[in-house]
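K.L.:
Output the structure for:
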Amino acid sequence: MNKIAATFNRAGKRYYKAGKYTEAVDAFMTGIAYDPKNASLRYNLAAALFKSGDYSSSALEAEKALAIDPDYEKARDLLDSLRAMWLVDK
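P.N.:
Next comes the predicted model:
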């Protein structure tokens, strides 16, 4: 992860832990603008989107994380959970 993306990733994680999911989404999206092929940023965005109630976008970002890293367990678990809850199409 490049330095700028890492800075936004750290900020996003702080917002996420504080329950500020909209701010976390914004930070992760900015980080992705600097490093679009980073599976960790994509997963973190997916998790923040999930917490903010945007389940479809959360699933799309989890899928993007898995496209980058097919072994990313957290992304697979999130996507499986969304599908099990029928929040997104199987």
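
K.L.:
Just the residues contacting stretch 47-55, thanks.
P.N.:
Stretch 47-55 is contacted by residues 12, 15-16, 21-22, 24-25, 28, 57-58, 61, 74, 78, 82, 87-88 when judged by Cβ atoms under 8 Å, 6 or more residues apart in numbering. Every residue, glycine included, has its C-beta placed from N, CA and C.

K.L.:
Can you list the buried residues in it?
P.N.:
47-51, 54-55 (16 or more other Cβ atoms under 10 Å).

K.L.:
Of the contacts of stretch 47-55, which is the most crowded?
P.N.:
Top of these by neighbour number is residue 28, holding 30 neighbours under the definition other Cβ atoms under 10 Å.

K.L.:
Report the secondary structure element holding it.
P.N.:
Element membership of residue 28 [criterion: DSSP states H and E] is helix 21-34.

K.L.:
what's the following helix or strand after that helix?
P.N.:
Beyond helix 21-34 toward the C-terminal end (DSSP H and E), the next one is helix 39-51.

K.L.:
Just give me how far the next helix or strand after that following helix sits from the chain centre.
P.N.:
Sequence order places helix 55-68 as the next helix or strand after helix 39-51, per DSSP H and E. Put simply, helix 55-68 sits 7 Å off its chain's centre (Cα atoms, centre = their mean, to the nearest Å).

K.L.:
let's number from 784 now, not from 1
P.N.:
Fine by me, first position is 784 from now on; the one you just mentioned is helix 838-851.

K.L.:
quick one: the helix or strand following helix 838-851 to helix 838-851, angle?
P.N.:
Sequence order places helix 856-867 as the next helix or strand after helix 838-851, per DSSP H and E. Calculated by axes from the mean of the first three to the mean of the last three Cα atoms, to 10 degrees, helix 856-867 forms an angle of 140 degrees with helix 838-851.

K.L.:
picking that back up, go through the contacts of stretch 830-838 and name the one nearest residue 825.
P.N.:
Nearest to residue 825 among the contacts of stretch 830-838: residue 844, at 5.2 Å, using Cβ to Cβ.
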